[in-house]
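# Everything below, folded, please.
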Amino acid sequence: MSKARGFLGAEVLVKNFTISLYAFHLRHTFTDAADEVDPDANLLWENLAKLGESSLPFPDLKDLRAKLICYQNGTYYPQGEQGRQTDWLTHSADAVDLGNISTTAGFQINASLQPFLLNDTYAVDFTLAPEPDTIPIAIPQLQYFQPASLLPSKIQASLGQTLWVYGKVDGNQNYKELAKQCAVALVAGTSFNPTLIREGELFGSLLFEYQARDANESNNPAKHCHILIVINHNQSPTITSAEKAYDWLLRLLCSYHKILYIYQLARQRYREAREIYSDLEKKIQQFDELISVDKTQLSELKSLMAKIPQKSLNYARCLQDLQTHQAAIITNITNYKTCLDNMKKIGGSSPQVWQDFVNKDCQKWQEQIQTDISYLAPGQELFGQFVGTIRGIIETQQAQSDRSLERTFQVLGTAFGGGAIVSGVVSQHIDKPFAPVNPNYPIHPLVLSLLWSILASFILGWIAWLITKPKSKGNQHK
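As a prediction, this is how the structure comes out:
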């Protein structure tokens, strides 16, 4: 679907067939500075240009860079987007005609592209249609449009993508089976398994919504292929209404993929926070074991203390990210609802299944994130209390160790100082301390001086030990 095109095909012959790729890719994130972009911001445009060099050799697709204002001389130049008054990333607000390629079935395929910048997101509408558009297309002929080249592994849009298929069918058919055959044909030869998740009506045509999950990336919505198949079975003016509502449809799909993307990020951060919390519980158990020992080593407590602040910071960041994701998902749910309301004004109604997506799925996910935040918030306080407890014990033990060391120095200082004084006094009263031994003095004067010094050191040290001995609490209160 595009402003000038429509949607589907099937095994029965389908007229006015189109297949459109809508891909959404983050240009910058919340953490990027105002003048910065994500390192892979240009990946969407680069991959589209590569398709033009390989499986979809439309004349102007490989030269796509030259048609975008965010490129300069073939090099990505996001500064070229500054000051833009529109969402378009081309110099004129028109779809880029990429030219035609021939098929062995005798018809040509035309490609058109519309690139956008929607706030922080690059969006593209890449539409393929047979030339002439009235030629009937059967399900097996879908492979001429190279749908495998439009899957997530080739496009790599960070937020996700939608394949939108449209076509008119004459006469009564098994439309549900027709849509299923189309969805299977789009992912033929891949690991994707399309599953019908919703069905309803869009602007008078039948709407079938499929989710094709990659078996290797089942938890990553950006790797899934979202497929919308619209079958015009009663000559409804679907295309006319879709063209009028084009901007709202584009933004609705953008909000849809952002909601899925944000919820997946929120669940990932919750799991990371739970792992950190589990590690905290182990640290608390280790702490309990340490303080149960009579002589807890100060070094062990310090080693435990050194590991907590980084864990606490990581936990706080997980909680903060969850709160950010909660705000973001609420914003995108609001945007989604706004798109639906404006579609109603244009087409008289919007698909009930899309209303149900907001009222059921989105409501459930929003409540889940709030529950996760409420569950994890007390853990942040526990981190603070745990750190404070360990720090208090370390400071107490350190102070006791410092007082014990100070007392030791006082005792030794008194003992050695007193001993030195006594030794000096004794030496002054002993004549010729280095003279030969006198029979009247059996002990050499030098030895006698040393003995008096040692005795004085011991006595003074003992007195100092008694004086500096800490008083018991009971004595202090007497």
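# going forward, measure contacts between C-alpha atoms and count neighbours the same way
Fine.
# Let's verify Glu209: helix, strand, or coil?
strand (DSSP: H, G, I helix; E, B strand; the rest coil).
# and it, how many neighbours?
Using other Cα atoms under 10 Å, Glu209 has 21 other residues around it.
# Now do the same contact list for it.
Contacts for Glu209 (Cα atoms under 8 Å, 6 or more residues apart in numbering) come out as 196-199, 226-229.
# give me that answer again for 10 Å
The contact partners of Glu209, by Cα atoms under 10 Å, 6 or more residues apart in numbering, come to 164, 179-180, 183, 194-200, 226-230, 353.
# do Gly80 as well
Applying Cα under 10 Å, 6+ apart, we find Gly80 in contact with 68-72, 89.
# which residues of the stretch 251-400 of the chain fall in helices?
298-347, 352-356, 363-428 (DSSP state H, counting those that start in this stretch).
# and if you look at the stretch 101-250 of the chain?
Under the criterion DSSP H, counting those that start in this stretch, helices of the stretch 101-250 of the chain are mapped to 152-155, 175-186, 238-244, 246-291.
# possible to save those helices as CSV with distance to Lys360, mean pLDDT and mean neighbour count?
Converted to CSV, those look like this (distance: least, Cα to Cα, whole Å; pLDDT from 0 to 100; neighbours: other Cα atoms under 10 Å):
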stretch, distance to Lys360, mean pLDDT, mean neighbour count
helix 152-155, 27, 94, 18
helix 175-186, 24, 94, 20
helix 238-244, 25, 92, 19
helix 246-291, 13, 88, 18
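# which one of the ones you listed lies closest to Leu26?
Checking those against Leu26 by Cα to Cα gives helix 246-291 as the closest, at 9.7 Å.
# What angle do helix 298-347 and the closest one make with each other?
Here helix 246-291 runs at an angle of 160 degrees relative to helix 298-347 (axes from the mean of the first three to the mean of the last three Cα atoms, to 10 degrees).
# wait, isn't Pro140 in contact with Ala185?
Yes. Counting by Cα atoms under 10 Å, Pro140 touches Ala185, with 7.5 Å between them.
# Compute the distance between the residue lying closest to Trp365 once chain neighbours are set aside and Asn332, please.
Nearest residue to Trp365 in three dimensions, chain neighbours excluded: Tyr263, at 6.9 Å (Cα to Cα, 6 or more residues apart in numbering). According to Cα to Cα, to the nearest Å, Tyr263 and Asn332 sit 11 Å apart.
# Quickly list what's touching both of these two.
257, 362.
# looking at this, Ala33 is in a strand?
No. Using three-state DSSP, the assignment for Ala33 is coil, not a strand.
# so how many other residues sit close to it?
Per other Cα under 10 Å, the neighbour tally for Ala33 reads 10.
# Could you check how far it is from Gly347?
Using Cα to Cα, we find Ala33 at a distance of 40 Å from Gly347.
# what does Cys318 give?
Cys318 sits 43 Å away from Gly347, going by Cα to Cα.
# Same check on Asn314?
Separation of Asn314 from Gly347 (Cα to Cα): 48 Å.
# quick one: which of those two has more around it?
Legend: neighbour count by other Cα under 10 Å for Asn314 and Gly347, higher for Gly347 (18 against 15).
# Contacts only, for that one.
Gly347 neighbours (Cα under 10 Å, 6+ apart): 202-204, 237-238, 240-242, 244-245.
# ok, back up a step: I figured the residue nearest to Trp365 hits Leu322, correct?
Yes. Using Cα under 10 Å, Tyr263 is in contact with Leu322, at 9.5 Å.
# what residues do the two have in common as contacts?
Listed as contacting both Tyr263 and Leu322 by Cα under 10 Å, 6+ apart are 269, 328, 369.
# I'd like to know how many residues surround the second one.
Which is Ala328. A count of nearby residues for Ala328, using other Cα under 10 Å, gives 16.
# Excluding covalently adjacent residues, which one is nearest to it?
Leaving aside its chain neighbours, Ala328 sits nearest to Ile262 (7.4 Å; criterion: Cα to Cα, 6+ apart).
# which residues does the one you found contact?
When contacts are counted by Cα under 10 Å, 6+ apart, Ile262 touches 159, 221, 268, 322, 324-326, 328-329, 332, 365.
# Quick one, which of those has the minimum pLDDT?
In terms of pLDDT, the lowest of the contacts of Ile262 is Pro221, showing 89.
# Would you confirm that that residue contacts Ala215?
No. If you go by Cα under 10 Å, Pro221 and Ala215 don't touch, sitting 11.7 Å apart.
# These two: which has the busier surroundings?
Taking neighbours as other Cα under 10 Å, Pro221 and Ala215 compare with Pro221 leading, 24 against 13.
# Provide a list of residues in contact with the more buried one.
Here Pro221 is in contact with 158-161, 211-214, 257-258, 260-264 (Cα under 10 Å, 6+ apart).
# Out of the contacts of Glu209, list just those in strands.
Mapping these onto strands (DSSP state E) picks out 164, 194-200, 226-230.
# In PyMOL, how would I select just the buried ones from the residues you listed?
Buried subset of the ones in strands among the contacts of Glu209, written as a PyMOL selection, criterion 16 or more other Cα atoms under 10 Å:
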select buried, resi 164+194+195+196+198+199+200+226+227+228+229+230
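# which among the ones in strands among the contacts of Glu209 gets closest to Asp120?
Nearest to Asp120 out of the ones in strands among the contacts of Glu209 is His226 (Cα to Cα; 21.2 Å).
# Show me just the buried residues among the contacts of Ile262.
Using 16+ other Cα under 10 Å, the buried ones in the contacts of Ile262 are 159, 221, 322, 325-326, 328-329, 332, 365.
# Can you check the distance spanned by stretch 46-63, start to finish?
Length of stretch 46-63, first residue to last, Cα to Cα: 10 Å.
# which of the residues in it are buried?
So for stretch 46-63, counting by 16+ other Cα under 10 Å, buried means 46-53, 56-63.
# what is the mean pLDDT for that stretch?
Across stretch 46-63, the average pLDDT comes to 95.
# Residues contacting it, please?
When contacts are defined by Cα under 10 Å, 6+ apart, stretch 46-63 is touched by residues 40, 43, 64-67, 74, 76, 96-102, 109-113, 124, 126, 144-150, 154-157.
# Show me just the buried residues among those.
Buried, going by 16+ other Cα under 10 Å: 43, 64-67, 76, 96-98, 100-101, 109-113, 124, 126, 144-145, 147-150, 155-157, out of these.
# Cross the contacts of stretch 46-63 against strands and list the overlap.
76, 96-102, 109-113, 124, 126.
# Just the closest of those residues to Leu250, please.
Nearest to Leu250 out of the ones in strands among the contacts of stretch 46-63 is Val124 (Cα to Cα; 9.2 Å).
# got the contact list for the nearest residue to that closest one once chain neighbours are set aside?
Spatial nearest neighbour of Val124, excluding adjacent residues (Cα to Cα, 6+ apart): Pro115 at 4.5 Å. Counting by Cα under 10 Å, 6+ apart, Pro115 touches 22-23, 45, 67-68, 87-90, 93-96, 122-126.
# And His224, by the same measure?
Listed by Cα under 10 Å, 6+ apart, the contact set of His224 reads 151-153, 160-162, 192-194, 211-215, 217-218.
# likewise Leu163?
Neighbours of Leu163 in contact, by Cα under 10 Å, 6+ apart: 1, 7, 19-23, 125-127, 147, 150-151, 183, 186, 210, 225-229.
# Bridged to it, which residues?
Leu21, Ile227 (DSSP bridges).
# per-domain residue ranges of this protein.
Structurally, the chain divides into domains by automatic domain parsing as follows: 15-242, 261-398, 400-476.
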